[in-house]
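**Q** Let me see the structure of the following:
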Amino acid sequence: LQVPCAPSQPLAGSESRRFTNKHSKKALKASLTLGILLGMFFVAWLPFFITNVAQAVCDCVPAGFFDVLTWLGYCNSTMNPIIYPLFMRDFKRAMGKFLPCCRRSAEPRPSAISLSMRNSNSGARAATSLKNVL
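**A** Here you go, the predicted structure:
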């Protein structure tokens with residue numbers, strides 16, 4: 001009695017490889033985004049903190065220079081909402097749902113009634129009574 005070989009063995013290997021490649025690409029992209037965010041954070045805030053320590057030790061930092069470094073750190077906070085949509089598709093989609101300027105023309109805008117109904121547990125009865133009220 002011969003048992004036929006299962007043809008799923010090669011498929012399982014290629015499927016596993018494809019699954020691994022997909023997740024390693026996502027992991028690489030996530031680490032690239034995190035590296036850019038952390039790099040920008042250090043570039044923006046490290047001079048401020050070094051200057052702050054130098055100011056405490058020797059009191060030799062001009063006030064204008066200290067203000068420039070403070071505002072450089074503040075600019076880092078404004079760069080985060082720009083960096084996230086550039087590198088993260090999920091963030092871009094979520095922002096597109098809430099900001100009218102980022103919404104695609106094919107996506108319908110949710111109405112206040114549909115949002116209210118989605119957030120309540122009242123079901124279809126509330127929709128008919130809401131129409132009667134309006």
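
**Q** Let me know the pLDDT of residue 90.
**A** pLDDT recorded at residue 90 is 79.

**Q** Is it within a helix or a strand, and which one?
**A** In the assignment (DSSP states H and E), residue 90 maps to helix 89-98.

**Q** what does residue 30 give?
**A** helix 8-58.

**Q** what angle sits between that helix and helix 89-98?
**A** 80 degrees (axes from the mean of the first three to the mean of the last three CA atoms, to 10 degrees).

**Q** could you give me the average pLDDT of helix 8-58?
**A** Mean predicted confidence for helix 8-58 is 81.

**Q** C-terminal to it, what's the next element?
**A** Helix 8-58 is succeeded, C-terminally, by helix 63-87 (DSSP H and E).

**Q** and that next one, what other elements does it pack with?
**A** helix 8-58, helix 89-98 (3 or more CB pairs under 8 Å, 6 or more residues apart in numbering; DSSP states H and E). Bear in mind the C-beta positions are built from the backbone N, C-alpha and C, glycine included.

**Q** As TSV, the ones you listed with mean neighbour count and distance to residue 82 would be great.
**A** Formatted as TSV, the helices and strands packed on helix 63-87 follow (neighbours: other CB atoms under 10 Å; distance: least, CB to CB, whole Å):
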stretch	mean neighbour count	distance to residue 82
helix 8-58	12	10
helix 89-98	12	11
